[in-house]
Structures are given as structure tokens and as C-alpha cells.
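[1] sequence first, then the predicted structure:
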Amino acid sequence: MPETGLVIARHRRHIVVEDARGGQHACLLRGRSLSVLAGDRVEWETGKDGTAVVLEVAPRQSTLTRIDSRGRREPIAANVTQLLVVAAPAPKPDWLLIDRYLVAGELMGATATIVINKAELLEEPLQPLETYRHIGYDVCATSAKRGTGLAELEQRMRGQRSVMVGQSGVGKSSLLNAVLGESLQTVGALSERGGQGRHTTTTATLVRLPGGGELIDSPGVRGYAPYIEDARDLDRGFREFRPLLGHCRFDDCSHRAEPDCAVKAAVDAGEIDAHRYESYLKLRELLGSLPAS
Ligand code: GDP
Ligand code: ZN
């Protein structure tokens, strides 16, 4: 009899499925065409020969998609509900990268929460944060070193399936260690059982957080470069642009130099933050240079 389950890890064709009772099963993929990711709901069954196979994948609410080393689209996790975009006073925040994650969150229908780690190093608040709060992003401050803000972070992860992303060195692993406590060992144990090194080969692993909620993690997930389909999607990815879309003179306005551009007018009037607009233009340019998938 087929059962339903949750994919908690995947390595090539080997998949770990958690059943409704919390038991874990190593499964194989039946069809070559099946695409299965950590976070997927699946139907699986144990055949007469004792091999467990995944039969079917339930439709996804969302897919985290990155650009692989060849510039192509690669899905890495399913049904993620929240991106925790981590930044810190040092290394200096890369706001373009932060905007890129925020766009990815908007386009995949996930909440994005900005986490400022190493908060104990801050002498004054990071100035751009006011803009992000103003356009509706939740911001929380943590220090993995001092152990402050962790309860606030855990509260934001409760009831969500999160991934932690951001530039290298901001303290993502430190924050993970701080909130995972003993469950971290489960992550390691899981991938070791498959005989693979944890840092290179496990695509992504789903863990349940002691404080509630789930986290999908792997080094590849933490530093992923979001894939954005085309420049038109980018318009919707900047949430403060949305009320203005459709109000430019030209339907295909690129919001760069066209006359009667509603976005440009809002920038000039100070209603849209000039740095966010600059990020938008840079991302547009960047996307234009990527090969189509
Ligand atoms: P990742 O690359 O984002 O995973 O960052 P790591 O967790 O590896 O941390 C990078 C460096 O920042 C390490 O030397 C950490 O000890 C340090 N670090 C992490 N969290 C904090 C913090 O809250 N305050 C300070 N001062 N340093 C931290
Ligand atoms: Zn326009």
C-alpha cells in the first residue's frame, strides 16, 4: 500500500522519506522523470523485494531555484515558506545580494525576513534597514556570539519551513548551531549514513527545529544565487513597485529612461528608495546577460 511521506534528504537518486510516524526510509526514485527535492510531499511504497520507492510527488507550493555553475536553472528545495536573509555589520552588507534574495522570496511566494547578526558590533542601526521595514519586511537582530536575539529568531521560524541564506561570513552556520543544539548531530548522522561527506554531496536536508518549525539546509542552499526567470518578473519582485505596475505609458516599460514612467516618477518623488531602484537596474542588467534555460 502506498503511503504519503515528506522528503527530508536527497542525494542523486537516493532519497530519505519520513513517514507519518516519524520513521525514516531510504527510498529510490522509480521514474527517471520524477524530480524530488527536500521538502516535497511524496507517495512511496516498499516493493516485494523490500526496496522502497517514491512513486509520485505532490504539486509544490514553491520551489527554491538557483543558478548552477553553468548559469542554468537548478531546483534545490521544495515548499519553503520563509527565507531568512542574514546580513551583518561585517562583512559589509551586500545590499544588491540582499535585494536579490528578497526578489526571489517574492517570486516564489515565500516570506522574507532580514536577520542582522553580529548585532553586538553595531554602533548604530544599519541605515538601509529603515527602508526595508518601511516596505514591509520584518527585521530581527541577533548575536550568535552573545546568544542574544535567538528567541526572536526561533519565534520567526515557528510554523515555517525556512532556509537561511546570505553572503559568506555573516554567521549563518553559527546561528544554525545556536538554534539547532543537538539536532545538528542528526543532520550529520543522516548524510554519513549514506556514506557521503556532509559538505559536498548532500543537496539539502530538512531538520525539525527544537523551538518549532523546520529548516532546509546545506552549504549549497545557504549561499545560493537565486534564479530569476526574466526581467518582467523582476518588476513584481520589488514589492514597492507593484502598485505602480501598469501605470507607465508603455506596457513594456523597462523603467529606465522611458517618458511617463510611474516607477521613475516615484523614485524622483522620493516614494521609492533610490538604492532599491539602483538594485533593480543592476539586477535587470545582470539578468539580461544570463543564458536562457
Ligand atoms: P557563515 O559563512 O555565514 O556560515 O558564517 P560563520 O557562522 O562561519 O561565521 C563567520 C565568522 O563570524 C566566524 O568567525 C564566527 O565566529 C563569527 N560570528 C558568527 N556570529 C557572530 C556574532 O554574532 N558576533 C561576532 N562578533 N562574530 C560572529
Ligand atoms: Zn516604467
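    Everything's here; your move. Ligands and ions are numbered 1, 2, ... in the order given.
[2] so for stretch 165-172, mean pLDDT?
    For stretch 165-172, mean pLDDT is 95.
[3] what's it in contact with?
    83-88, 90-91, 93-94, 97-98, 101, 115, 117-118, 144-145, 164, 221-224 (C-beta atoms under 8 Å, 6 or more residues apart in numbering). C-beta: built from backbone N, CA, C; applies to glycine.
[4] CA atoms of that stretch as PDB?
    The C-alpha trace of stretch 165-172 is given here as PDB (Å, rounded to 0.1, in the frame of the first residue of the first chain):
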ATOM      1  CA  VAL A 165      20.700  32.500   3.100                       C
ATOM      2  CA  GLY A 166      23.300  35.300   2.800                       C
ATOM      3  CA  GLN A 167      26.900  36.100   2.000                       C
ATOM      4  CA  SER A 168      29.700  34.100   3.500                       C
ATOM      5  CA  GLY A 169      31.000  35.100   6.900                       C
ATOM      6  CA  VAL A 170      27.800  36.700   8.200                       C
ATOM      7  CA  GLY A 171      27.300  33.900  10.800                       C
ATOM      8  CA  LYS A 172      24.800  31.600   9.200                       C
END
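[5] indicate whether it makes contact with ligand 1.
    Yes: using C-beta under 6 Å from any ligand atom, we find that stretch 165-172 touches ligand 1 at Ser168, Gly169, Val170, Gly171, Lys172.
[6] ok, of those, which one's closest to Val7?
    The closest of these to Val7 turns out to be Lys172 (C-beta to C-beta; 22.6 Å).
[7] what's the spacing between the closest one and ligand 2?
    Remark: distance between Lys172 and ligand 2 (C-beta to the ion, to the nearest Å) = 36 Å.
[8] same question, Thr4
    Applying C-beta to the ion to Thr4 and ligand 2 gives a distance of 46 Å.
[9] and that residue, that's in a strand?
    Yes: assessed by DSSP: H, G, I helix; E, B strand; the rest coil, Thr4 belongs to a strand.
[10] let me see the contact set for the closest residue to it other than its chain neighbours.
    Leaving out its chain neighbours, the residue that sits closest to Thr4 by C-beta to C-beta, 6 or more residues apart in numbering is Glu43, at 5.8 Å. Neighbouring residues of Glu43 by C-beta under 8 Å, 6+ apart: Pro2, Glu3, Thr4, Gly5, Val54, Leu55, Glu56, Ala58.
[11] would you mind listing what in the stretch 151-293 of the chain touches ligand 2?
    Residues of the stretch 151-293 of the chain found near ligand 2 (C-beta under 5 Å from the ion) are Cys248, Cys253, His255, Cys261, Val263.
[12] which of the residues you listed has the most neighbours?
    Counting neighbours by other C-beta atoms under 10 Å, the top entry in these is His255, with 26 neighbours.
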